[in-house]
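S.K.: Dropping a prediction and its sequence here:
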Amino acid sequence: MKITIIGTGYVGLVTGACLAEVGNDVFCLDVDQGKIDLLNSGGIPIFEPGLGDVVARNRAARRLKFSTDMAAGVAHGEILFIAVGTPPDEDGSADLQYVLSAARSIGRHMGGFKVVVDKSTVPVGTADKVRAVIQEELRARDSNARFSVVSNPEFLKEGAAVEDFMRPDRIVIGCDDTLDGEHARQAMKTLYTPFNRNHERTFWMDVRSAEFTKYAANAMLATRISFMNEMADLADMVGVDIEAVRHGIGSDPRIGYSFLYAGCGYGGSCFPKDVQALERTAREHGRDLLILRAVEEVNHRQKHVLGEKIIHRFGEDLSGRHFAIWGLAFKPNTNDMREAPSRVLLQQLLSRGASVAVHDPVAMEEAKRVLAIDFAEAPEQLSRIRFCDVPMDALPDADALAIVTEWKAFRSPDFTQVKSDLRTPVIFDGRNLFDPQVLADAGIEYYGIGRSACTQAQAT
Ligand SMILES: NC(=O)c1ccc[n+]([C@@H]2O[C@H](COP(=O)([O-])OP(=O)(O)OC[C@H]3O[C@@H](n4cnc5c(N)ncnc54)[C@H](O)[C@@H]3O)[C@@H](O)[C@H]2O)c1
């Protein structure tokens, strides 16, 4: 099929590449000329495992092209995906300016029947707005071209995006029940047939329910994380090991093990903004989402927990102190630094006079970019960050090591070496990666999240 993707970011690029991989002819559009030039020269603007190969293979087969030419792009696709960003507005609502601008481009350039797919995460009712904008543009040029707006939210996870797209848990598609809606439904069914070979994964529903499903999914996942973080906080107070509790409750099939890790808070481009946007939608309807308000509040607090543990151990004044930090990205297997807990920790340490040596396997360049913005008003603090190419280089002379992102490469370091390299052998484990007993045996003081029972046991 001929497919056009408007917005070649994380979601757009993965969607375009994976749809080309199953034989479609895909045209990816973006307004960012630099990004399109990079893609056309064989580069990849994001780190995503496996994506480079899929893009290269399909470019070589001429099933995947990149351009900023809206008219050509809109003319190309029988199905047009809108996959642009929906960042939070000042009031927490989803900012729809990019979605509506993409819709306007479609209305301006479309000829025959088009299926317009909202793949961006958008609040309930957005399809109506997209429809109205396209209609307005068609009217302005006296066109009676037909189209149907479909909701097909994306559930891929950064770090496993290609795998998630190629083997999705579910495909959610919302169509309306008009004749054009029925044509759109048939087109979407054909498009997704290769992804349903093993078993049917598509859930068909109305457009508004599809829009809502994405927010409800992210809100649920964020809730599980904040729930465990709140339990971990209490566990620290009452001498309980949250990891033992995680196993004890995760084994219940009604609960399950996924997304039950206590840690130093969730970040990224989705959970924080989607939770906020859902709360905002509720407020517009006179409702207050009490659970989600708490989820956000707990997460905000949680991002400070690692820094607070360090301050509790070393004191409020950290001048002259030096810390090693492993992990900057908001989660492993990505270079995405949006809302990353590492940014909060760096603020806490540097503003109190400490210096840091940091390492991340792939996010260092992106970190340099965002930290230059975070510390634009405090260049002296920024100058106290040293970036290290390998994790062990961050350790010498550090008063402690803090783990912020659970990269696989951090899971099993040589603790004897760690102990001898650190000035004082202390580890703050923001992702509960390590076994406290192993560290105790290695002579390393250990602070996890919700693991005070282990630390107390070692002390006695
Ligand atoms: N990143 C994720 O893991 C993920 C997962 C599921 C859903 N989503 C949702 O998907 C949407 C896109 O997210 P993302 O992370 O891919 O964003 P992104 O910022 O990586 O990419 C958006 C792209 O759209 C381009 N763009 C903006 N306006 C445009 C226009 N008018 N025409 C053409 N291109 C335009 C930008 O230049 C950018 O390259 C968001 O709504 C997000 O919530 C993201």
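M.R.: Nice, thanks for sending it over. Numbering: from 1, shown residues only.

S.K.: CA only for contacts and neighbour counts going forward, please
M.R.: Fine.

S.K.: Quick check: residue 60 vs residue 22, distance?
M.R.: Per C-alpha to C-alpha, to the nearest Å, residue 60 is found 14 Å from residue 22.

S.K.: swap in residue 221?
M.R.: Applying C-alpha to C-alpha to residue 221 and residue 22 gives a distance of 30 Å.

S.K.: ok so, going back, residue 60 and residue 22: which is more packed in?
M.R.: residue 22 (16 against 12; other C-alpha atoms under 10 Å).

S.K.: correct me, but that one touches residue 193?
M.R.: No. With contact defined as C-alpha atoms under 8 Å, residue 22 does not count as touching residue 193 (9.9 Å).

S.K.: Taking the stretch 251-400 of the chain, what residue is nearest to the ligand?
M.R.: residue 270 (5.3 Å; C-alpha to the nearest ligand atom).

S.K.: Give the closest residue to that residue in space, chain neighbours not counted.
M.R.: In space, and not counting its chain neighbours, residue 270 is closest to residue 218: 7.6 Å by C-alpha to C-alpha, 6 or more residues apart in numbering.

S.K.: so how far is the helix or strand hosting that neighbour off the chain centroid?
M.R.: Residue 218 is part of helix 207-238, with elements assigned from DSSP states H and E. Remark: helix 207-238 is offset 15 Å from the chain centroid, using C-alpha atoms, centre = their mean, to the nearest Å.

S.K.: same thing with stretch 166-182?
M.R.: 24 Å.

S.K.: that older thread, which helices and strands does the helix holding residue 218 pack with?
M.R.: strand 147-151, strand 171-174, helix 242-250, helix 271-284, helix 290-302, helix 452-459 (3 or more C-alpha pairs under 8 Å, 6 or more residues apart in numbering; DSSP states H and E).

S.K.: and if we set it to 7 Å?
M.R.: Using 3 or more C-alpha pairs under 7 Å, 6 or more residues apart in numbering; DSSP states H and E, the elements in contact with helix 207-238 are strand 147-151, strand 171-174, helix 271-284, helix 290-302.

S.K.: Save these as a markdown table, and put in distance to residue 206, mean neighbour count and mean pLDDT too.
M.R.: Formatted as a markdown table, the helices and strands packed on helix 207-238 follow (distance: least, C-alpha to C-alpha, whole Å; neighbours: other C-alpha atoms under 10 Å; pLDDT from 0 to 100):
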| stretch | distance to residue 206 | mean neighbour count | mean pLDDT |
| --- | --- | --- | --- |
| strand 147-151 | 8 | 26 | 98 |
| strand 171-174 | 4 | 23 | 98 |
| helix 271-284 | 19 | 20 | 95 |
| helix 290-302 | 25 | 17 | 97 |
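
S.K.: Can I get the ones you listed in JSON lines including distance to residue 96?
M.R.: Below are the helices and strands packed on helix 207-238 laid out as JSON lines (distance: least, C-alpha to C-alpha, whole Å):
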{"stretch": "strand 147-151", "distance to residue 96": "15"}
{"stretch": "strand 171-174", "distance to residue 96": "19"}
{"stretch": "helix 271-284", "distance to residue 96": "11"}
{"stretch": "helix 290-302", "distance to residue 96": "22"}
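
S.K.: And these: which comes nearest residue 18?
M.R.: strand 171-174 (14.1 Å; C-alpha to C-alpha).

S.K.: For that closest one, which helices and strands make contact with it?
M.R.: Counting by 3+ C-alpha pairs under 7 Å, 6+ apart, strand 171-174 packs on strand 147-151, strand 202-205, helix 207-238.

S.K.: Deepest-packed of these, please.
M.R.: strand 147-151 (a mean of 26; mean count of other C-alpha atoms under 10 Å).

S.K.: chain center to that one, what's the gap?
M.R.: Distance, centroid of strand 147-151 to centroid of chain: 26 Å (C-alpha atoms, centre = their mean).
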